[in-house]
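A.B. asks: from the sequence below, what's the structure:
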Amino acid sequence: MSESYKIFWFSGIMDVIKSKRTTATFNEIINYMITDAWYMVSEYHLNLGPADTLEKLVLYTQRISGLKPSAKEQEILDFLAVCDDPIIAKYKYTLSLNVPYRFQSPFMPDFKGASWNRISDVIARVNYDSNIIYHFSNSTGLNRSIEISDRWHKYFEINQAIVTGWIEYNLITYLQKRNPSVPGISNKLFPPSERKLEKAKKFWKGIIEYKPIINIYAADGSIMSGDDVSIDHFVPWSYVAHDELWNLVPTTRSLNSSKSNDLPNWNRFFPLLAEIEYCSYQAIWASIQIHSLFEKCRAEHVNSNEAINKLYIPGIDKDSFANNLEELIRPTYNGARNLGFGEWSV
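C.D. replies: Purely as a prediction, here's the structure:
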């Protein structure tokens, strides 16, 4: 694939089959393509390809709809079902020009060259073949529909898990090629899920009760209270796709919500992050209770040998700790910024 369209078209067809249908218009399948790509593009900022029309369509739809990057699939489909925006229609028309027809080219090896440029010939050739995946209606434009053949529909239903797995594998391979420096591609195909941060939360609550810790995002530099602790990913989870302890910071629920998926201003907030992370580091080695909380936490939230050796062994002085933390987090921060994550500051 030189572009993402065919794999998302196939995914859209599988969405039709999962809904127990055998027919769908181009418009309906493209709506599924938008929902399938929504989170990758708007939530995770993944690149689908140079000048990719589907990527442009998702970003434009998100902008004019006001829907959140984490919007539910049905919310997106409901908006698209009633939307008559001409730019959306234009993007959809572009997507419909070739993909619905060329998708079936592996099953038509005798149909080559200039023949693909004459849609009427393609439709006649496809509709003549009883072994093809789907046939076309006589409608035009985005109202043209496909009808999935009974044999293929049954095959896809029986082998749904295998086919879906094949689509996901090839999509991961494609996205990794287009986003070579982005971590956790396999975790970014679907809507964001709720992370389990209870052990990290208990660890930071223990720190807060042990010694005063500032809320690094609070404009007044206020001290954290154990009654209102929310765990934030300094570099957004939407980019890092992990819950490593060195990237987790306690704050309040309201400030966590305000920061959302943005990057905190580096010059302002990293020194504060390094300060409280070193406070927690000191507490680990000074308090048996905090060390116990850390040990319970590390199995889930300390998985990098580099982090263990640079941040979680005894005898590190404050300046070395800050430098080691910067070496870990700065490349990740820069990668997220280069991918288009916005900057946040109170």
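A.B. asks: which residue ranges form the strands in the stretch 201-346 of the chain?
C.D. replies: 230-233, 248-251, 263-264, 343-344 (DSSP state E, counting those that start in this stretch).
A.B. asks: now for the last one, which elements pack on it?
C.D. replies: If you count contacts as 3 or more Cβ pairs under 8 Å, 6 or more residues apart in numbering; DSSP states H and E, strand 343-344 packs onto strand 263-264. (Each C-beta comes from the backbone N, C-alpha and C, glycine too.)
A.B. asks: which elements pack onto the strand it packs on?
C.D. replies: By 3+ Cβ pairs under 8 Å, 6+ apart, strand 263-264 packs against helix 318-339, strand 343-344.
A.B. asks: ok, residues contacting that strand?
C.D. replies: With contact meaning Cβ atoms under 8 Å, 6 or more residues apart in numbering, strand 263-264 is reached by 217, 234-236, 270, 333, 336-337, 341-345.
A.B. asks: lowest confidence element among the helices and strands of the protein?
C.D. replies: For the chain, the helix or strand with the lowest mean confidence is helix 119-128, at a mean of 87 (criterion: mean pLDDT, DSSP states H and E).
A.B. asks: and it, what does it pack onto?
C.D. replies: Going by 3+ Cβ pairs under 8 Å, 6+ apart, helix 119-128 lies up against helix 99-102, strand 134-136.
A.B. asks: any chance of TSV for the strands of the stretch 201-346 of the chain, columns mean pLDDT?
C.D. replies: Formatted as TSV, these follow (pLDDT from 0 to 100):
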stretch	mean pLDDT
strand 230-233	95
strand 248-251	95
strand 263-264	96
strand 343-344	92
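A.B. asks: ok, which of those strands comes nearest residue 7?
C.D. replies: strand 230-233 (29.1 Å; Cβ to Cβ).
A.B. asks: report the distance from that closest one to the chain centre.
C.D. replies: Here strand 230-233 is found 18 Å from its chain centre; the criterion is Cα atoms, centre = their mean, to the nearest Å.
A.B. asks: tell me the strands beside that strand, with direction?
C.D. replies: strand 248-251 (antiparallel) (DSSP bridges).
A.B. asks: got the strands of the stretch 201-346 of the chain as JSON lines, with distance to residue 108 and mean neighbour count columns?
C.D. replies: Output for those, formatted as JSON lines (distance: least, Cβ to Cβ, whole Å; neighbours: other Cβ atoms under 10 Å):
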{"stretch": "strand 230-233", "distance to residue 108": "48", "mean neighbour count": "20"}
{"stretch": "strand 248-251", "distance to residue 108": "53", "mean neighbour count": "24"}
{"stretch": "strand 263-264", "distance to residue 108": "48", "mean neighbour count": "22"}
{"stretch": "strand 343-344", "distance to residue 108": "50", "mean neighbour count": "14"}
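A.B. asks: and those: which comes nearest residue 201?
C.D. replies: strand 230-233 (5.3 Å).
A.B. asks: export that closest one as PDB, just CAs?
C.D. replies: Provided in PDB are the C-alpha atoms of strand 230-233 (Å, rounded to 0.1, in the frame of the first residue of the first chain):
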ATOM      1  CA  SER A 230      -5.100  12.700  39.900                       C
ATOM      2  CA  ILE A 231      -2.200  11.100  38.100                       C
ATOM      3  CA  ASP A 232      -1.100  12.800  34.900                       C
ATOM      4  CA  HIS A 233       1.300  11.700  32.100                       C
END
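A.B. asks: I'd like the numbering to begin with 386 instead of 1 from here.
C.D. replies: With the count now opening at 386, the last piece we talked about shows up as strand 615-618.
A.B. asks: stretch 711-729: which residues count as buried?
C.D. replies: Buried residues in stretch 711-729, counted by 16 or more other Cβ atoms under 10 Å: 711, 713, 714, 717, 718, 720, 721, 724, 726, 729.
A.B. asks: quick check, nearest of the residues you listed to residue 517?
C.D. replies: For the buried residues of stretch 711-729, the nearest to residue 517 is residue 724 (39.5 Å; Cβ to Cβ).
A.B. asks: so how far is residue 574 from that closest one?
C.D. replies: For residue 724, the distance to residue 574 (Cβ to Cβ, to the nearest Å) stands at 17 Å.
A.B. asks: and residue 664, by the same measure?
C.D. replies: 38 Å.
A.B. asks: got it, and residue 624?
C.D. replies: On the measure of Cβ to Cβ, residue 624 and residue 574 end up 15 Å apart.
A.B. asks: tell me which of those two has more neighbours.
C.D. replies: residue 624 (24 against 18; other Cβ atoms under 10 Å).
A.B. asks: now that one, nearest residue through space, not along the chain?
C.D. replies: In this structure, residue 624 finds its nearest non-sequential neighbour in residue 721, 4.0 Å apart by Cβ to Cβ, 6 or more residues apart in numbering.
A.B. asks: residues in contact with that neighbour?
C.D. replies: By Cβ under 8 Å, 6+ apart, the neighbours of residue 721 are 620, 621, 624, 625, 648.
A.B. asks: can you do 10 Å?
C.D. replies: 430, 567, 568, 620, 621, 623, 624, 625, 646, 647, 648, 727 (Cβ atoms under 10 Å, 6 or more residues apart in numbering).
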